[in-house]
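**Student:** Give me coordinates for this.
(one chain, ligands or ions: 1)
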Amino acid sequence: MSGTRSFLIASTAEQTDLQLDSQGNLRHLLTMHNLEQQHITMLLDKAETYLSDIGKKPVRSTTLQGRTVASLFFEPSTRTRTSFELAAHRLGADFLNLNVNTSSRRKGESLLDTVYTLQAMQVDVLIVRDAQTGVPAYIANHANEFISVLNAGESTIAHPTQALLDLLTIRQQKKDFEKLTVAIIGDIKHSRVARSTSEALVTMGAPDIRLICPESLTPEKGTLPSQAKILHNVRDGISNADVIMPLRIQRERIENLADIPTVDQYYANYGLKSSHMSLAAPDAIVMHPGPMNRGIEIESKLADSAASVIQEQVKNGVAVRMAVLAAVIKSLNYKDSK
Ligand code: NCD
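**Tutor:** Predicted structure coming up:
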């Protein structure tokens, strides 16, 4: 798969093996692949308990009091990093945001030496985002038994907390995954969101997942769940869809930008517009993981319309990350009492 060369380790099987402990509890969160329905439901149910209405005080707890969470982001992020930070604070943890632009990895320190340094500082949870495949699992494989690793975006292949927040948002609006038609539109080839979210939707029993993309952004065979259909026409793809999620073109992962449509061509053929919504199911919702390019993958007024649940996704992102932090902290093998 282009851009997803396995530089370190981490076949999907290795990731799956690593992420559950011997009792089947969540030890690290690395991938949605093979995470069972019961785990997903448990995390979504837990996340619900961390939600409160806008205008009210956010829910707080002491679940992570005395613990330290660190973020190690080697790629840009707005929502994911800040929501993990808020999630950690709201659970009572200390939060360390490593500024990787000034950190030693840029001075040539190996990734593992950076991890060992944080380990020596008694960090409990490491939140990792990296452009290379295998980095979160590699760290999980080498860190000690007192550290949990959470994948906050790995190359083009996995973004599990995004999948969980997408599922929570869908569940709040639609209840029954087993009747859903979901249309994801855009740069499917390079999107870790498309991968993780469609894997999770398959696990939850969604029967009709459509991935709609320009020919030049078609994913390679075998890189997405076989149940998902690849389509190239937006009108066909969103016909009777209950959930529609346009995605950003991942320019930073595309070697030859001349191969992809221009911005104007893209908006004309793949931009989701209000005029499309009459083709979808009557109560269809519009989602977007952000960052959103208004006027490229989505018409601006549609992003702000009653059908849009984009702000709910952001809100749910904090609650889901609280749920994941609370789940993994339970599996850590502390010597002191918890
Ligand atoms: C996504 C990501 O980083 O994969 N954003 C996010 O985490 N909310 C999608 C993107 O960058 O387009």
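
**Student:** okay, CA-based contacts and neighbour counts for the rest of this
**Tutor:** Noted.

**Student:** just for the stretch 51-200 of the chain, where's the confidence low?
**Tutor:** Residue ranges of the stretch 51-200 of the chain with pLDDT under 70: 102, 106.

**Student:** Which stretches in it count as strands?
**Tutor:** Per DSSP state E, counting those that start in this stretch, the stretch 51-200 of the chain carries strands over the ranges 68-73, 94-98, 125-130, 148-154, 181-185.

**Student:** possible to save the ones you listed as JSON lines with distance to the ligand and mean neighbour count?
**Tutor:** Output for the strands of the stretch 51-200 of the chain, formatted as JSON lines (distance: least, Cα to the nearest ligand atom, whole Å; neighbours: other Cα atoms under 10 Å):
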{"stretch": "strand 68-73", "distance to the ligand": "11", "mean neighbour count": "22"}
{"stretch": "strand 94-98", "distance to the ligand": "17", "mean neighbour count": "16"}
{"stretch": "strand 125-130", "distance to the ligand": "9", "mean neighbour count": "24"}
{"stretch": "strand 148-154", "distance to the ligand": "6", "mean neighbour count": "27"}
{"stretch": "strand 181-185", "distance to the ligand": "12", "mean neighbour count": "27"}
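
**Student:** Dump these to CSV, plus distance to Lys174.
**Tutor:** What follows is the strands of the stretch 51-200 of the chain, written out as CSV (distance: least, Cα to Cα, whole Å):
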stretch, distance to Lys174
strand 68-73, 33
strand 94-98, 35
strand 125-130, 30
strand 148-154, 26
strand 181-185, 11
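
**Student:** Check the gap between Arg60 and Gly108 for me.
**Tutor:** From Arg60 across to Gly108, the span is 39 Å (Cα to Cα, to the nearest Å).

**Student:** Looking at those two, which is more packed in?
**Tutor:** Legend: neighbour count by other Cα atoms under 10 Å for Arg60 and Gly108, higher for Arg60 (15 against 8).

**Student:** give the contact list for that one.
**Tutor:** For Arg60, the contacting residues are Tyr50, Arg90, Leu91, Gly92, by Cα atoms under 8 Å, 6 or more residues apart in numbering.

**Student:** Would you mind checking which of those is nearest to Glu297?
**Tutor:** Tyr50 (31.3 Å; Cα to Cα).

**Student:** What's the mean pLDDT across the helix or strand harbouring Arg235?
**Tutor:** Assigned by DSSP states H and E, Arg235 belongs to helix 234-238. Mean per-residue pLDDT for helix 234-238: 98.

**Student:** Need the contact partners of it.
**Tutor:** In contact with helix 234-238 (Cα under 8 Å, 6+ apart) are residues Ala183, Ile185, Arg210, Leu211, Ile212, Leu231, Ile244, Asn269, Tyr270, His276, Leu279, Ala280.

**Student:** Give me the contact list for the helix or strand that comes right after it.
**Tutor:** Going down the chain from helix 234-238, the next helix or strand is strand 243-246, by DSSP H and E. Under the criterion Cα under 8 Å, 6+ apart, residues 170, 180-186, 238, 271-272, 284-288, 297-298 lie in contact with strand 243-246.

**Student:** Return the distance of strand 243-246 from the chain's centre.
**Tutor:** When distances are taken as Cα atoms, centre = their mean, to the nearest Å, strand 243-246 is centred 15 Å away from the chain's centroid.

**Student:** who in the stretch 1-150 of the chain is up against the ligand?
**Tutor:** Arg79, Thr80 (Cα under 6 Å from any ligand atom).

**Student:** would you list every one of the helices in the stretch 1-150 of the chain?
**Tutor:** Assigned by DSSP state H, counting those that start in this stretch, the helices in the stretch 1-150 of the chain fall at 12-19, 37-49, 79-90, 111-120, 135-142.

**Student:** tell me which residues in the second one are buried?
**Tutor:** Neighbour counts using 16 or more other Cα atoms under 10 Å place Ile40, Leu43, Leu44, Lys46, Ala47 of helix 37-49 among the buried residues.

**Student:** Adding pLDDT, write these out as JSON lines.
**Tutor:** As requested, the buried residues of helix 37-49 are exported to JSON lines (pLDDT from 0 to 100):
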{"residue": "Ile40", "pLDDT": "98"}
{"residue": "Leu43", "pLDDT": "98"}
{"residue": "Leu44", "pLDDT": "98"}
{"residue": "Lys46", "pLDDT": "98"}
{"residue": "Ala47", "pLDDT": "98"}
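
**Student:** Make JSON lines out of the residues you listed and add distance to Gln119.
**Tutor:** Output for the buried residues of helix 37-49, formatted as JSON lines (distance: Cα to Cα, whole Å):
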{"residue": "Ile40", "distance to Gln119": "28"}
{"residue": "Leu43", "distance to Gln119": "26"}
{"residue": "Leu44", "distance to Gln119": "29"}
{"residue": "Lys46", "distance to Gln119": "28"}
{"residue": "Ala47", "distance to Gln119": "28"}
